[in-house]
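> okay, sequence plus prediction incoming.
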Amino acid sequence: MDSNLLAVRAGAGDIAAFEELVRLHQNQVFSIALRMSGNREDALDISQETFVRVWRALPQFNSESKFSTWLYRIVSNICTDFYRKNSRMQTVSITTSDDEGEDTQLELPDEKHSPERSVENDELSDALERAINELKPEWKTVFVMREISDMSYSEIAEALEIEEGTVKSRLFRARRQLQEILKISGNIPSTRPSKDVKDGDAR
């Protein structure tokens, strides 16, 4: 069933509809929370708080909006609050693999056929996890939404209530900072301009 319809029913007090919403979106919410908090227990707390807030806010949900975007706005706000309260973040769990193309997203050199590729992927994944946690909260949020949750620029902009240009700018800056961190750590030899935003477009 469509999430928007379920949200409308849940907003009217339909518990079964709300339970179905949770079932449909809990994994994605937990994934975002885990990558933002870096800790499974914290991610569980954030996920629980997210759906508590969703339940309370459902009567005011605008069915003309996309439910998933509305939901991501809530989890993003909770994650941001959590990040600000916890200045020392633990490492997140992100797997970098050829199929996901993380090296392409981060503009890393393509060496798929190198015999050392497997070892390099493991080292790069660990370095990437550490680097992501050094991003500013607003950059990290956009990066996770775009690269991990595969949300469009318009969906991110709506969820965070910012302009698409700001989304692209923050994403560019996040990628550039990640490149610099990985370059300094010796995990990439050089950087190239981002595919999504040119340097002159960043604000």
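Done, it's in. Numbers count the residues shown, from 1 in each chain.
> can you give me the helices for the chain?
3-11, 15-37, 40-57, 67-85, 102-105, 117-132, 137-143, 153-160, 164-184 (DSSP state H).
> can you count the residues close to the residue nearest to residue 1 when sequence neighbours are not counted?
Spatially, and ignoring its direct neighbours in sequence, residue 1 is nearest to residue 20 (6.8 Å; Cβ to Cβ, 6 or more residues apart in numbering). Where you see a C-beta, it was placed from the backbone N, CA and C, and this is true even at glycine. Residue 20: 16 surrounding residues under other Cβ atoms under 10 Å.
> for residue 5, same thing?
The number of residues packed near residue 5 is 12, by other Cβ under 10 Å.
> how close does it sit to residue 57?
17 Å (Cβ to Cβ, to the nearest Å).
> follow-up on the earlier one: pick the most deeply packed of the helices of the chain.
Compared across the helices of the chain, helix 137-143 shows the largest average neighbour count, a mean of 22 (mean count of other Cβ atoms under 10 Å).
> need the helices of the chain in JSON lines (columns: mean pLDDT).
Listed next are the helices of the chain as JSON lines, based on pLDDT from 0 to 100:
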{"stretch": "helix 3-11", "mean pLDDT": "93"}
{"stretch": "helix 15-37", "mean pLDDT": "90"}
{"stretch": "helix 40-57", "mean pLDDT": "92"}
{"stretch": "helix 67-85", "mean pLDDT": "84"}
{"stretch": "helix 102-105", "mean pLDDT": "39"}
{"stretch": "helix 117-132", "mean pLDDT": "60"}
{"stretch": "helix 137-143", "mean pLDDT": "86"}
{"stretch": "helix 153-160", "mean pLDDT": "88"}
{"stretch": "helix 164-184", "mean pLDDT": "87"}
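> now do the same contact list for the closest residue to residue 4 other than its chain neighbours.
The shortest distance from residue 4 to any non-neighbouring residue, by Cβ to Cβ, 6+ apart, is to residue 67 (5.0 Å). By Cβ atoms under 8 Å, 6 or more residues apart in numbering, the contact list for residue 67 reads 3, 4, 6, 7, 21, 61.
> which one of those residues is nearest residue 36?
Closest approach to residue 36 among those (Cβ to Cβ): residue 21, at 20.9 Å.
> wait, isn't the closest one in contact with residue 4?
No - assessed by Cβ atoms under 8 Å, residue 21 is found out of contact with residue 4, at 10.0 Å.
> what's the distance between residue 7 and residue 49?
For residue 7, the distance to residue 49 - Cβ to Cβ - is 18 Å.
> same question, residue 173
When residue 173 is compared with residue 49 (using Cβ to Cβ), they lie 28 Å apart.
> could you do residue 168 as well?
With distances taken as Cβ to Cβ, residue 168 is found 29 Å from residue 49.
> same question for residue 59.
18 Å.
> and what of residue 140?
19 Å.
> go on, residue 155?
Computed as Cβ to Cβ, the residue 155 to residue 49 distance reads 22 Å.
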